[in-house]
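Student: Curious how this folds, go ahead:
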Amino acid sequence: MSYGGICKPEILEKLLRALAFQIGSEVSYDELAQVLCIDMKTVSNYINLLYQAYVIFKLPSFNKNLRNEIKTNQKKYFYDTGVRNMIIGDLKPLEVRQDKGNLWGNFLIAERLKHNAYKSSLSKGYYWRTTKQQEIDYAAEEATIITGFK
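Tutor: Below is the predicted model:
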């Protein structure tokens, strides 16, 4: 028996935990499949369900086809960092947390996307990174204007 394509809810829970520990990082479906001992199609299907349920969202990489830019990866974030914190069982105050940088980045990017949706903005969000590890956490592209946020 399955619900919404979820045949193994325990795998979904493990996937959520893995994603929660990787907020603000590039996520590899292949790596998730290996860690969870499932195939990449299942990883992809479950992540798509999490998108549809507005639990997580993706931030694709920005590139203009320069050789030193990262082109194919995506970062995953949670719409609600409180849900993310419950998943990993860490409700400590922000000032004593090891992941406060990632939490803060997740919060800012999620709020920016919510603001854009509220304003019906056509702005597209990305992150940008080069093979030399130069990085911009959030790049907004609207028409021909690109604005970077670090």
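
Student: now for the helix or strand containing Leu108, which elements pack on it?
Tutor: Leu108 is part of helix 100-118, with elements assigned from DSSP states H and E. Counting contacts by 3 or more Cβ pairs under 8 Å, 6 or more residues apart in numbering; DSSP states H and E, helix 100-118 is packed against strand 56-60, strand 74-78, helix 81-88, strand 124-129, strand 135-142. (Glycine included, C-beta is placed from N, CA and C.)

Student: Make sure Gly24 is actually in contact with Asn102.
Tutor: Yes. Assessed by Cβ atoms under 8 Å, Gly24 is found in contact with Asn102 at 4.3 Å.

Student: Give the buried residues for the helix or strand hosting Thr42.
Tutor: Using DSSP H and E, Thr42 sits in helix 40-52. Of all the residues in helix 40-52, those buried under the rule 16 or more other Cβ atoms under 10 Å are Thr42, Val43, Asn45, Tyr46, Ile47, Leu49, Leu50.

Student: mind listing what the last one touches?
Tutor: By that I understand Leu50. Leu15, Leu16, Leu19, Ile56 (Cβ atoms under 8 Å, 6 or more residues apart in numbering).

Student: Sitting in strands, which of those do you find?
Tutor: The strands, defined by DSSP state E, take in Ile56 from these.

Student: which one of the contacts of Leu50 sits closest to Ala33?
Tutor: Taking Cβ to Cβ as the measure, Ala33 sits nearest to Leu15 out of those, at 9.8 Å.

Student: what stretches of this protein score poorly on pLDDT?
Tutor: Applying pLDDT under 70 to the chain flags the ranges 1-5, 65-72.

Student: Mind doing that once more with 50?
Tutor: 1 (pLDDT under 50).

Student: Which residue lies nearest the spatial centre of it?
Tutor: Closest residue to the average C-alpha location of the chain: Lys76 at 1.1 Å, with Cα atoms, centre = their mean.
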